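Undergrad: Mind looking at a prediction? Sequence and model below.
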Amino acid sequence: MMNSSNENLFYYCTPELVIYDNACRLHEYCLNRDPAFFKKTKFVVDKFHWKNHSGCCEGYNMKLYPMLNMYNSQAAEQCNSCIKPLASMVSYMEYDNFFLFTKLHIWHRNMLRIVKYNPEREIAYKDYFLTLSRVIH
């Protein structure tokens, strides 16, 4: 959340909600660094990890907030598990190649999901390559 020169990376955009497996500790960390900046941010522990937080305040329990039920609290971990196998391939790439390769991998994965979950919405090859050219540039 802070870069090496202690500049706040959020700077202009305070997050309204942070869902994280260790949100209780992250909340403490953020308040120690910049309490005014994070005063309106809600921190909650994701549903899957809450059972391991026996000593935490119940206010961090995501299940207590029905309006948060629409959020997939595991989205970040699901995405990370999909890109973890790429680590050995990208670890020696130059930055530009790394960034492009990772971006293409995630884009391709998303396109496959769109086709899988929307079979009636066939993506024409023309559209596929047009979106690909936007991703590359």
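TA: Structure received.

Undergrad: what pLDDT does the residue nearest the centre of the chain get?
TA: Nearest residue to the geometric centre of the chain (CA atoms, centre = their mean): residue 76, 4.2 Å. At residue 76, the pLDDT value in this model is 71.

Undergrad: Give me the contact list for stretch 87-98.
TA: By CB atoms under 8 Å, 6 or more residues apart in numbering, the residues outside stretch 87-98 that reach it are 101-102. Any C-beta I mention is one placed from the backbone N, CA and C, and that applies to glycine too.

Undergrad: If we use 6 Å, what do you get?
TA: The contact list for stretch 87-98 (CB atoms under 6 Å, 6 or more residues apart in numbering) reads residue 101.

Undergrad: and the gap between the residue nearest to the centre of the chain and residue 66?
TA: As judged by CB to CB, to the nearest Å, residue 76 and residue 66 stand 22 Å apart.

Undergrad: re earlier: list the contacts for the residue nearest to the centre of the chain?
TA: By CB under 6 Å, 6+ apart, residue 76 has no neighbours at all.
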